[in-house]
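Undergrad: could you look at this predicted model? Sequence included:
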Amino acid sequence: MLPISPQILAALPSVIRRPTRAEWSTDGGLTWHPCGVSGGSLTADRTAETRYQASAVLTDVGMSRDEIQTVSTQVRIWQGVVIPRTSVEWIPAGRYTVTSAEALRTGGVAVELDGLEDELRQAAFPIARVIGPDSARFLTELLISEALPGEAVAWRPGVPADTTIPAVFSDGDRWDVLSSSPTGSGAGGIAQALGAELFFDARGIPTMAPIPTLGDPVVWRIGQGVGGVLVEPATQQTSDGLFNIVAATGDSGAGTEAIGPVVVWDDDPNSLTYAGPDPVTDPLAPQRLGMPWVRLRTMRYSSSLLTSVGQAAEAARALLADSLGVQSSLALTSICNPALEAGDVVEVEVAPGEWERHVVDSLSWDFGGTSMSCTTRTTSRRL
């Protein structure tokens, strides 16, 4: 969760004002100019290639070469929160590149905004290139600084940044070399090989972070009743993107010995997605043990960046953790917490006195609004 004072977090039900402000820059963020925000909304989705997307009407600024345009203008937005007897507390709500702009006859400029991942994707390699070998830290920071000069990468605890990445040949997209696959399939890039995810956070900082799991610390309790912040959880389920077995292989394609496959699976008998005691060497065990409900959903992942059995196991475990879990949609229809981030773990009171842990996969809210919608994953344990 983004920094927010404990008194503001505890008093969200009594917020009396939610102002919004913005700044724009045409020189890559060296200088920023203030402007107003009249309406708009944002979506933060950790399953999308561009985590933060927004639309807004900017005021006190025009469309011109030196103001709002779609070549070099960036916009950053803050959502303010005010409770009784306090000054406004500003919380970052994204740093964006302008993808479309329209001057309104009533004044202001309507803009569509994408996070800075969009600029990395557009900065494809002009010619084919070999990257590495070197550490994941060096290569990640090199490729990002080539496209976005001056941007420093934040490495969160738990990411093995000093892992050696072998030489990689690429004739196209630097984002493919850098990123994890948002759908959990495909060859992936440096982030996926580290069992991590790469994204630009609400402040516009490129961030390499571990895959979130339900075992992470809870950052917010979303309760019902008097003083609560949740009116009603609207629960939905989907099996899209659900796997309970992941087989990871490291294969450079250059004639060297392949790594793996290393296979991991859901081995919790209480889980709805239990794959059996050993689906690799004993696939008949569920039949022998009287478990007709066991179903196998397998994902195969191959990457030339996996150079050891241990690395392949870590990547496979991260992919499995990111896939498991019943998909639940929760509508927080009364209170918006602008400090909440996609990937945060929250506790939700789904019924009076009944609490569940959820990983927030995506969230959306209107600037200045009081409501928030979240899409989350909760446990797949059989209750």
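TA: Arrived safely, thanks for sending.
Undergrad: what's around residue 281, how many residues?
TA: Neighbour count of residue 281, defined by other C-beta atoms under 10 Å: 8. (Each C-beta comes from the backbone N, C-alpha and C, glycine too.)
Undergrad: how about residue 352?
TA: By the criterion of other C-beta under 10 Å, residue 352 has 8 neighbours.
Undergrad: lowest average confidence, helix or strand, in the protein?
TA: Lowest by mean pLDDT, DSSP states H and E among the helices and strands of the chain is strand 326-332, with a mean of 59.
Undergrad: what's the following helix or strand after that strand?
TA: strand 345-351 (DSSP states H and E).
Undergrad: may I see the domains of this structure written out as residue ranges?
TA: With domains defined by automatic domain parsing, the chain comprises 6-115, 119-210, 218-238+326-378, 245-322.
Undergrad: could you tell me the least trusted of the ones you listed?
TA: With a mean of 79, domain 218-238+326-378 has the lowest mean pLDDT of the domains of the chain.
Undergrad: roughly how far is stretch 53-67 from the heart of the chain?
TA: Distance of stretch 53-67 from the chain centroid (C-alpha atoms, centre = their mean, to the nearest Å) equals 26 Å.
Undergrad: let me fix that, I meant to ask about stretch 261-274.
TA: Centroid separation for stretch 261-274 versus its chain: 24 Å, with C-alpha atoms, centre = their mean.
Undergrad: parallel or antiparallel, list what pairs with the longest strand along the chain.
TA: What stands out as the longest strand in the chain, according to DSSP state E, is strand 89-103. Taking DSSP bridges as the criterion, strand 89-103 pairs within the sheet with strand 74-81 (antiparallel), strand 109-115 (antiparallel).
Undergrad: buried set for that strand?
TA: Using 16 or more other C-beta atoms under 10 Å as the burial criterion, the residues of strand 89-103 that qualify are 89, 91, 92, 93, 94, 95, 96, 97, 98, 101.
Undergrad: including distance to residue 35, could those residues go into a markdown table?
TA: Shown next, in a markdown table, are these (distance: C-beta to C-beta, whole Å):
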| residue | distance to residue 35 |
| --- | --- |
| 89 | 20 |
| 91 | 18 |
| 92 | 16 |
| 93 | 14 |
| 94 | 15 |
| 95 | 14 |
| 96 | 13 |
| 97 | 16 |
| 98 | 12 |
| 101 | 13 |
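Undergrad: nearest to residue 289 among the residues you listed?
TA: residue 94 (50.2 Å; C-beta to C-beta).
Undergrad: hmm, the closest one is touching residue 40, no?
TA: No: Residue 94 is not in contact with residue 40 according to C-beta atoms under 8 Å; the separation is 10.6 Å.
Undergrad: residues shared between the contacts of those two?
TA: Taking C-beta atoms under 8 Å, 6 or more residues apart in numbering as the criterion, residue 94 and residue 40 both touch residue 54.
Undergrad: quick one, what contacts residue 212?
TA: For residue 212, the contact set (C-beta under 8 Å, 6+ apart) comprises 46, 343, 344, 345, 359.
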